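# The sequence isn't on hand, but the structure is:
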């Protein structure tokens, strides 16, 4: 494919806008359709980004013959069903993390991808962040091997709000959304499947119906371990912080910044063409379409993450 890739983006909220901002920097890609729950708000975003077609139903965009690919930034509970719908419509698809909120649904998506022959990728952004890429390259070069990862994923989200501080129409989840980032990254960075997984959670919030605190332990087949702490009760600092403890050093990833064990900053500005992880995962998606290859974080490559999450859900139940 050499012509412009034409894209429909579903979900005009906080993450949809992050993708729109990233795509502006990618040549020969055009967003031609924007799907949102509320027409007026979606139209406002579409006008800002010069998008001609606006819809409140994904099927309207899938019916457009000019659409080559779809990016789904919709509520978690819709991801698997919508991804399958895109594939059946003959569209390449990138779905934001998580792929699904059940192991069975994740398997169904992979089966649909194989049947369609289309590119299907999940937004496991940590694979693309320059800080984590830097560590991955060091591992690939044989210069660093992980002994332990210690990860903290902390937010203050006692009401149902999104990243822009706006009310959500759906409920976020520590296990199926936020833990998915670290479960996948741990297996990816160690290059070894997860063979042990344990989880405990705190009290269920009576209004949101979810646990607000969670602790997860993982072990890879090569012996490396991971400890993950998650909270929606933490009143700052907010975000996800990674500590890589290895055989030749210690590294701390804070968002896109990377530090060594002495808290000295490491320059990661030349790791990739951008410092924006969302833009980099979008670049990978479109490159895979053009080159007819499986992308990093394809549905097949991240599938095992959802097996582990399914096992953890059974423990928590």
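Now that the structure is in, tell me what you want to look at. Here the structure is a predicted model, which means the values were calculated and not measured.
# Buried residues, stretch 131-139. List them.
131-136, 138-139 (16 or more other Cβ atoms under 10 Å). Every C-beta, even on glycine, is put in place using the N, C-alpha and C of the backbone.
# What ranges in this protein fall below the confidence cut-off?
1-2, 159-171 (pLDDT under 70).
# quick one, helices of it?
Ranges of helices within the chain are 14-23, 39-49, 58-62, 79-88, 103-116, 130-140, 180-190, 277-291, 299-316, based on DSSP state H.
# out of these, nearest to residue 244?
Nearest to residue 244 among the helices of the chain is helix 130-140 (5.7 Å), distances taken as Cβ to Cβ.
# could you say what helices and strands the closest one packs with?
Secondary-structure packing of helix 130-140 (3 or more Cβ pairs under 8 Å, 6 or more residues apart in numbering; DSSP states H and E): helix 180-190, strand 250-254, strand 257-260.
# now for those, which one comes closest to residue 238?
Taking Cβ to Cβ, strand 250-254 is the member of the helices and strands packed on helix 130-140 nearest to residue 238, at 11.3 Å.
# Could you spell out the sheet neighbours of that closest one, each with its direction?
Using DSSP bridges, the strands paired with strand 250-254 are strand 239-246 (antiparallel), strand 257-260 (antiparallel).
# between that strand and helix 130-140, how big is the angle?
Per axes from the mean of the first three to the mean of the last three Cα atoms, to 10 degrees, the angle that strand 250-254 makes with helix 130-140 is 150 degrees.
# Can you give the contact residues for strand 250-254?
129, 131-132, 135, 239, 241-244, 258-261, 263, 266 (Cβ atoms under 8 Å, 6 or more residues apart in numbering).
# next one: it to chain centre, how far?
Its chain's average C-alpha position is 20 Å from that of strand 250-254, according to Cα atoms, centre = their mean, to the nearest Å.
# do stretch 99-111 as well
Between the centre of stretch 99-111 and the centre of its chain there are 15 Å (Cα atoms, centre = their mean).
# tell me which of the buried residues of stretch 131-139 is nearest to residue 95?
residue 132 (20.2 Å).
# There's contact between the closest one and residue 184 in this structure, I believe.
No - counting by Cβ atoms under 8 Å, residue 132 does not reach residue 184; the two are 11.0 Å apart.
# any common contacting residues for those two?
Common neighbours of residue 132 and residue 184 (criterion: Cβ under 8 Å, 6+ apart): residue 126.
# Return the distance of the spatially closest residue to residue 20 that is not a sequence neighbour relative to residue 19.
Distances taken as Cβ to Cβ, 6 or more residues apart in numbering place residue 49 nearest to residue 20, at 5.1 Å, with adjacent residues excluded. Distance of residue 49 to residue 19, computed by Cβ to Cβ, to the nearest Å: 10 Å.
# next one: residue 152
26 Å.
# quick one, what contacts residue 245?
Going by Cβ under 8 Å, 6+ apart, residue 245 touches 146-150.
# cool, and residue 287?
Counting by Cβ under 8 Å, 6+ apart, residue 287 touches residue 295.
# next one: residue 28
Applying Cβ under 8 Å, 6+ apart to residue 28 gives the contacts 3-5.
# Let's see if you can find the most crowded of those.
Counting neighbours by other Cβ atoms under 10 Å, residue 5 leads the contacts of residue 28 with 20 neighbours.
# Isn't that residue up against residue 288?
No - checked against Cβ under 8 Å, the pair residue 5 and residue 288 is beyond contact range at 10.9 Å.
# Just give me the neighbour total for residue 300.
As a measure of burial, residue 300 has 15 neighbours, counting by other Cβ under 10 Å.
# nearest spatial neighbour of it, skipping sequence neighbours?
Residue 300's closest residue in space is residue 110 (Cβ to Cβ, 6+ apart), at 5.7 Å.
# Report the contact partners of the one you found.
Contacts of residue 110 (Cβ under 8 Å, 6+ apart): 299-300, 303.
# Which member of those residues is positioned nearest residue 220?
Of the contacts of residue 110, the one sitting nearest to residue 220 (Cβ to Cβ) turns out to be residue 303, at 16.3 Å.
# how deep is that closest one tucked in, by neighbour count?
The number of residues packed near residue 303 is 18, by other Cβ under 10 Å.
# Next one: it from residue 144, what distance?
26 Å.
# so what's the nearest residue to residue 139 once chain neighbours are set aside up against?
The shortest distance from residue 139 to any non-neighbouring residue, by Cβ to Cβ, 6+ apart, is to residue 189 (6.3 Å). Each residue near residue 189 by Cβ under 8 Å, 6+ apart is listed here: 132, 135-136, 139, 146, 149, 244.
# Kindly present those as JSON lines, with separate columns for distance to residue 311.
Below are the contacts of residue 189 laid out as JSON lines (distance: Cβ to Cβ, whole Å):
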{"residue": "132", "distance to residue 311": "24"}
{"residue": "135", "distance to residue 311": "26"}
{"residue": "136", "distance to residue 311": "25"}
{"residue": "139", "distance to residue 311": "25"}
{"residue": "146", "distance to residue 311": "21"}
{"residue": "149", "distance to residue 311": "19"}
{"residue": "244", "distance to residue 311": "24"}
